[in-house]
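J.: Pasted the sequence and its predicted model underneath.
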Amino acid sequence: MANNKKTLTIGIVIVLLVIIVTVSAAYFQQAAKPNESVVSESQSESLASPYRNGVYKVNGDYISPGGAEQIGVTIKLENGIIKESEVEVLATRETSVEMQNDFKDNFKPMVIGKSIDEVELSKVSGSSLTPLGFNDALDKIKNQAKI
């Protein structure tokens, strides 16, 4: 009987030592990283970007040789990064419609996966004015999404 009590006591001591060593190791591992802080996912979103996540849809304005035109722009924004984007051709003049369609077919590689603050298009598939409407729309989206 005394032998069983001794074995049980040794077993309990070993379990307690394992727990103490594990907790100590975890504590010292965290203490070795004094400049890092633990931030929840929702907090990290607000710290990582000055913009709210969401889908934004606006019309961008620009002037063509024929007069004022608009292009519809939809952006899905996550942590300040453009995850998805679509444009809607809203031009009323034939040449502007063609330019917006060319832009629509070719702009995505220039914006998807990029920070909204870094995107400013100048010429896409021969269209140098349609990007001005797109950039105007991005400015409007930045204002709407600003935290």
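T.: Yep, it's here.
J.: after the helix or strand of the chain with the lowest mean pLDDT, next one along is what?
T.: Here the helix or strand of the chain ranked lowest by mean pLDDT, DSSP states H and E is helix 41-48, holding a mean of 47. Next along the chain after helix 41-48, taking DSSP states H and E as the criterion, comes strand 54-64.
J.: partners of that following strand in the sheet?
T.: Applying DSSP bridges, strand 54-64 is found paired with strand 67-78 (antiparallel).
J.: With just CA atoms, put the next helix or strand after the partner strand into CSV.
T.: Going down the chain from strand 67-78, the next helix or strand is strand 81-89, by DSSP H and E. Taking C-alpha atoms only, strand 81-89 is exported to CSV below (Å, rounded to 0.1, in the frame of the first residue of the first chain):
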residue,chain,number,x,y,z
ILE,A,81,-6.5,46.2,-50.9
ILE,A,82,-8.6,46.0,-54.0
LYS,A,83,-9.9,42.4,-54.1
GLU,A,84,-12.4,42.7,-57.0
SER,A,85,-13.3,45.5,-59.4
GLU,A,86,-15.8,45.9,-62.2
VAL,A,87,-16.6,48.8,-64.5
GLU,A,88,-19.9,49.7,-66.1
VAL,A,89,-19.8,51.5,-69.5
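J.: Quick one: distance of strand 81-89 to the chain centre.
T.: Relative to the centre of its chain, strand 81-89 is centred 13 Å away, using CA atoms, centre = their mean, to the nearest Å.
J.: Kindly report the same for stretch 55-70.
T.: 25 Å.
J.: Not including adjacent chain positions, what is the nearest residue to Pro131?
T.: Leaving aside its sequence neighbours, Pro131 sits nearest to Leu121 (CB to CB, 6 or more residues apart in numbering; 3.6 Å). (C-beta placed from N, C-alpha, C; glycine too.)
J.: just Tyr56 next, same as before
T.: Excluding its sequence neighbours, the residue lying closest to Tyr56 (CB to CB, 6+ apart) is Ile141, at 4.4 Å.
J.: thought the one you found was touching Leu77?
T.: Yes. The pair Ile141 / Leu77 is scored as a contact, 7.3 Å apart, by CB atoms under 8 Å.
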